[in-house]
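Q: Everything below, folded, please.
(one chain, ligands or ions: 3)
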Amino acid sequence: MAQLIDGKALSAQVLQQVAADVALLKADYDILPTLAVVLVGEDPASQVYVRNKMKRASEVGIGSREHLLDAGTTQDELAQLIATLNSDPLVHGILVQLPLPAQLDEDSVIASIHPDKDVDGFHPLNVGALAAGRDTLVPCTPQGCMIMLNQVHSNLSGKNAVVVGRSNIVGKPMAALLLQANCTVTIAHSRTQNIESLCRQADIVIAAAGRMALVDATWIKPGATVIDVGINAIEIDGKRKLVGDVAFEAVSQVAGAISPVPGGVGPMTIACLLLNTTRAVTRQLACPLEQGVGAMNTTARSDRYVRS
Ligand SMILES: NC(=O)C1=CN([C@@H]2O[C@H](COP(=O)(O)OP(=O)(O)OC[C@H]3O[C@@H](n4cnc5c(N)ncnc54)[C@H](OP(=O)(O)O)[C@@H]3O)[C@@H](O)[C@H]2O)C=CC1
Ligand SMILES: Nc1nc(=O)c2c([nH]1)NC[C@@H]1CN(c3ccc(C(=O)N[C@@H](CCC(=O)O)C(=O)O)cc3)C=[N+]21
Ligand SMILES: [Mg+2]
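A: Ligands and ions are numbered 1, 2, ... in the order given. Alright, predicted model coming up:
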């Protein structure tokens, strides 16, 4: 039987560290790290996630602000709110819950967030910095997966890793982090041929496709580590239930280590979001004090990313 990678327990450890950092920032700088969460529309799943994030934030002493906008919000209205949050020195992190309603252009919304407040790590400057292997704000879900992998492997160097999924928010940044850890990385997606035999060669499989039971026991090399990012809502006997992308029971018989859903990557994602919020504060403390972060536009600090 595979070792269980308990994201709930591991996230509690990360959150303890975040709470200690929050206390230090309070004691040494009189700063209350604060996260602004923007939710457009009334998607019930998104409402649950946002509520969870705020709850965890308050538990570690991070301040939070909730901006609930009407489903019909225009691009200009959202841009106005983000501009206000960018220049508010009491707001250190900004998260715009995705997906956005169809009338809104996600790329331009993401690009309008100040890169040093971009706790999702989705801004093009942060994406580029990650791709170039520089220190930056890193997307929460892949960061959480790396912490989980480090629990199992003292050294990831030389491991064969397959990432199933190539989205900008999970698959691609996941591959970048694995590469940075010296894994040999393959990214698989819906057009990949022989995906099953490809995965069977992997020491590490990250499942992030959003397809229930996609990864079966026949996909997994005995002893491999399997991280399940997928969140799929199903109904069993009229009850809502969450399952991942991995056939958990069957794969547990073959894998060396496996993360469950729920209680796996999800709680780690939230912990890393709050970790990023404290990191955002320290990035902003490095700003010229006479100006403060509020005086800067979103490209003013690109020197950090351009110079080595
Ligand atoms: N636990 C957490 O914290 C988080 C969980 N999630 C969950 O992770 C999953 C992935 O999210 P996200 O990346 O945003 O999803 P997307 O839908 O944006 O991307 C899914 C990716 O999986 C690929 N894919 C789809 N079907 C298959 C298949 N049959 N075989 C191989 N590849 C396939 C797609 O390929 P192609 O590009 O060719 O279409 C695509 O690259 C979802 O279930 C989501 O809910 C997401 C974020 C955080
Ligand atoms: N800008 C942005 N950033 C995100 O990070 C982001 C987003 N938009 N949109 C949606 C996805 C999804 N996501 C999850 C976070 C936590 C859980 C989580 O905590 N899941 C619990 C279960 C929660 C429940 O019971 O519903 C678990 O897996 O144990 C799941 C999914 C973050 N996302
Ligand atoms: Mg859209």
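Q: surely P115 meets G128?
A: No. P115 is beyond contact range of G128, at 9.9 Å (criterion: C-beta atoms under 8 Å). Any C-beta I mention is one placed from the backbone N, CA and C, and that applies to glycine too.
Q: So which of these two has more stuff around it?
A: Per other C-beta atoms under 10 Å, whichever of P115 and G128 has more neighbours is P115, with 27 against 15.
Q: next one: phi and psi at the more buried one?
A: phi -60, psi -30 (degrees, to the nearest 10).
Q: Same question for S167.
A: Here is the backbone geometry of S167 (degrees, to the nearest 10): phi -70, psi 160.
Q: What distance do you get for the nearest residue to it once chain neighbours are set aside to ligand 2?
A: Computed as C-beta to C-beta, 6 or more residues apart in numbering, the closest residue to S167 that is not its neighbour in sequence is A208, at 7.1 Å. As judged by C-beta to the nearest ligand atom, to the nearest Å, A208 and ligand 2 stand 11 Å apart.
Q: do Q284 as well
A: 20 Å.
Q: ok but that residue is inside a helix, no?
A: Yes. According to DSSP: H, G, I helix; E, B strand; the rest coil, Q284 belongs to a helix.
Q: my read: it touches G93, true?
A: No. Between Q284 and G93 there is no contact under C-beta under 8 Å: 9.7 Å.
Q: Need the overlap of contacts for those two.
A: Common neighbours of Q284 and G93, using C-beta atoms under 8 Å, 6 or more residues apart in numbering, are K117.
Q: Which one of the two is surrounded by more residues?
A: Taking other C-beta under 10 Å, Q284 and G93 do not tie; G93 has more neighbours (30 against 22).
Q: that older thread, so the residue nearest to S167 touches I169, yeah?
A: No. The criterion here is C-beta under 8 Å, and A208 misses it with I169 at 9.2 Å.
Q: More neighbours: the two, which one.
A: Counting neighbours by other C-beta under 10 Å for A208 and for I169 shows that A208 has the greater number, 25 against 19.
Q: In contact with the more buried one, which residues?
A: A208 makes contact with T141, V163, V164, G165, S167, V170, G171, M174, V229, G230, D245 under the criterion C-beta under 8 Å, 6+ apart.
Q: Quick check: the gap between the fifth one and I187.
A: Between S167 and I187 the distance is 10 Å, computed by C-beta to C-beta, to the nearest Å.
Q: For the stretch 201-308 of the chain, what lies in contact range of ligand 1?
A: Contact residues (C-beta under 6 Å from any ligand atom) of the stretch 201-308 of the chain with ligand 1: A208, A209, G210, R211, L214, V229, G230, I231, N232, V265, G266, T269.
Q: would you turn those into JSON lines with secondary structure and pLDDT?
A: Converted to JSON lines, those look like this (DSSP: H, G, I helix; E, B strand; the rest coil; pLDDT from 0 to 100):
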{"residue": "A208", "secondary structure": "coil", "pLDDT": "99"}
{"residue": "A209", "secondary structure": "coil", "pLDDT": "98"}
{"residue": "G210", "secondary structure": "coil", "pLDDT": "98"}
{"residue": "R211", "secondary structure": "coil", "pLDDT": "98"}
{"residue": "L214", "secondary structure": "coil", "pLDDT": "98"}
{"residue": "V229", "secondary structure": "coil", "pLDDT": "98"}
{"residue": "G230", "secondary structure": "coil", "pLDDT": "98"}
{"residue": "I231", "secondary structure": "coil", "pLDDT": "97"}
{"residue": "N232", "secondary structure": "strand", "pLDDT": "96"}
{"residue": "V265", "secondary structure": "helix", "pLDDT": "98"}
{"residue": "G266", "secondary structure": "helix", "pLDDT": "97"}
{"residue": "T269", "secondary structure": "helix", "pLDDT": "98"}
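Q: hmm, which of those are the buried ones?
A: By neighbour count, with 16 or more other C-beta atoms under 10 Å, those hold A208, A209, L214, V229, G230, I231, N232, V265, G266, T269 as buried.
Q: what helix or strand is V251 on?
A: Using DSSP states H and E, V251 falls within helix 248-252.
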